[in-house]
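>>> structure for this input, please:
(one chain, ligands or ions: 1)
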Amino acid sequence: MIHARGLVQTFRTGRGKQKREVRAVDGVDLDIAEGEVVGFLGPNGAGKTTTLRMLTTLLRPTAGTATVNGYDVVDDAVMVRRSIGYVSQAGGTFSQAQAGDEVVDHGMLYGLSRAEATRRGKVLFEKFQLDGLWERMPKNMSGGQKRRLDIAMGLVHDPTLVFLDEPTTGLDPQARANLWEHIRALRTERGATVFLTTHYLDEADELSDRIIIIDNGKIVAADTSDNLKAHVSGDLVDLEVTELAHVGVAAEKLASIAGHIETEGRHVRGRVRRAGREVPGLLRDLTSTAIELDSIEVIRPTLDDVFLTMTGRSLRDAQATTEDAAETELDNEGALR
Ligand SMILES: Nc1ncnc2c1ncn2[C@@H]1O[C@H](COP(=O)(O)OP(=O)(O)OP(=O)(O)O)[C@@H](O)[C@H]1O
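Next comes the predicted model:
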């Protein structure tokens with residue numbers, strides 16, 4: 001479905017002495033199979049949108065190659081565009097037209113007849129709970145409704161591969177959860193392959209069969225969420241010992257199955273690769289040495305823990321830093337216009 005080798009995108013930013021080159025995407029390889037839902041995760045400025053724009057033919061790669069649905073993104077750009085659905089981050093720039101007309105026009109742009117585009121549009125409106133809004137102007141819709149309209153537009157020509165760029169950014173929790181249901185249905189009901197970018201960890205976790213993490217233009221991890229968590233971080237085991245005097249011994253015992261032990265008051269913590277298997281033995285060991293616990297907690301790692309392990313910093317911190325350093329003067333030389 002999607003195969004990319006060594007994709008690179010560089011931008012020149014600034015003027016005069018400030019001039020420099022940004023390697024927004026720096027040698028990305030991707031292999032995405034039919035029917036997969038892949039979450040492309042990374043902090044702001046990591047290179048998610050730029051990768052997506054190369055795969056959807058909106059940007060010509062500076063270097064590297066990619067095929068989408070078997071078509072080359074440079075040589076067969078028109079065929080790539082015809083065979084995919086793309087819902088951009090900003091959403092559609094709607095005219096003064098009614099929502100239904102926007103969808104029909106979009107379908108006709110992809111070669112459907114007016115009748116067929118209308119038929120499919122009506123089905124999608126029902127599916128995305130937009131019934132009754134066919135004649136409404138998009139500017140008078142709620143954020144969630146507009147986002148669902150964007151997705152309906154991206155699907156009107158029935159693509160089997162759909163690119164969604166930050167589909168739920170700016171939506172309230174209820175509208176997000178509702179959109180998640182629709183995204184799940186793309187695969188279960190239509191068998192579509194979905195490639196979605198997000199910087200919400202929970203969203204990537206909830207929706208994706210596989211997660212690809214990008215940072216500074218490079219892929220730092222690619223696997224199922226469970227595998228990433230299990231292999232990279234392990235579970236956090238938090239023991240609360242009853243007697244402060246026992247903290248040292250408890251830490252020694254935990255150290256036999258865990259890496260990097262931390263203590264805080266009566267708490268002893270460490271990461272254990274297979275907590276389900278290891279913890280019963282640890283408890284027996286503690287009991288046999290008469291160390292009592294007030295509580296024990298096993299906390300599954302989050303994707304943020306994975307990111308921390310891979311890059312040495314938290315995804316949330318990385319987000320804040322790149323937002324501060326956001327470029328203001330952009331000069332996009334690679335764009336196909
Ligand atoms: N047209 C452009 N000209 C110059 N630099 C650009 C341009 N587009 C993106 N960049 C830079 O390339 C890097 C990657 O940007 P990109 O938009 O791909 O990141 P992202 O992961 O999608 O971030 P976000 O989550 O904020 O959308 C950033 O440093 C950004 O400032």
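>>> enumerate every residue touching Tyr200.
Thr168 (C-beta atoms under 8 Å, 6 or more residues apart in numbering). For glycine as for every other residue, the C-beta is placed from the backbone atoms N, C-alpha and C.
>>> so Gly234 touches Arg269, yeah?
No. Counting by C-beta atoms under 8 Å, Gly234 does not reach Arg269; the two are 11.7 Å apart.
>>> tell me which of the two has more neighbours.
Gly234 (22 against 19; other C-beta atoms under 10 Å).
>>> do you know how far the more buried one is from Leu283?
From Gly234 over to Leu283 the distance is 17 Å, taken as C-beta to C-beta, to the nearest Å.
>>> pull the number of nearby residues for the residue in the stretch 101-250 of the chain that the ligand sits nearest to.
Of all residues in the stretch 101-250 of the chain, the one sitting closest to the ligand is His199 (5.1 Å; C-beta to the nearest ligand atom). Neighbours of His199 under the rule other C-beta under 10 Å: 19.
>>> ok now do it, which residues does it touch?
Going by C-beta under 8 Å, 6+ apart, His199 touches 41-44, 48, 166, 315, 319.
>>> residue ranges with poor pLDDT in the stretch 201-337 of the chain?
Within the stretch 201-337 of the chain, the stretches with pLDDT under 70 are 232-233, 317-337.
>>> dump the residue contacts of the nearest residue to Leu239 once chain neighbours are set aside.
Nearest non-adjacent residue to Leu239, counting by C-beta to C-beta, 6 or more residues apart in numbering: Val268, 4.7 Å away. Residues near Val268 by C-beta under 8 Å, 6+ apart: 238-239, 241, 247, 250-251, 254, 261-262.
>>> burial check on the nearest residue to Asp235 once chain neighbours are set aside, number of neighbours?
Excluding its sequence neighbours, the residue lying closest to Asp235 (C-beta to C-beta, 6+ apart) is Ala275, at 3.8 Å. Using other C-beta under 10 Å, Ala275 has 20 neighbouring residues.
>>> for the ligand, see how far away Ala275 is.
Using C-beta to the nearest ligand atom, to the nearest Å, Ala275 is found at 33 Å from the ligand.
>>> residues contacting that residue?
By C-beta under 8 Å, 6+ apart, the contact set of Ala275 is 234-235, 237, 298.
>>> now with 6 Å?
By C-beta atoms under 6 Å, 6 or more residues apart in numbering, Ala275 lies in contact with 235, 237, 298.
>>> just the residues contacting stretch 148-166, thanks.
Contacts of stretch 148-166 (C-beta under 6 Å, 6+ apart): 1, 49, 52, 56, 69, 84-89, 91-92, 99, 103, 106-107, 110, 120-121, 124, 128, 130, 138, 192-198.
>>> next one: that stretch to chain centre, how far?
On the basis of C-alpha atoms, centre = their mean, to the nearest Å, stretch 148-166 sits 16 Å off its chain's mean C-alpha point.
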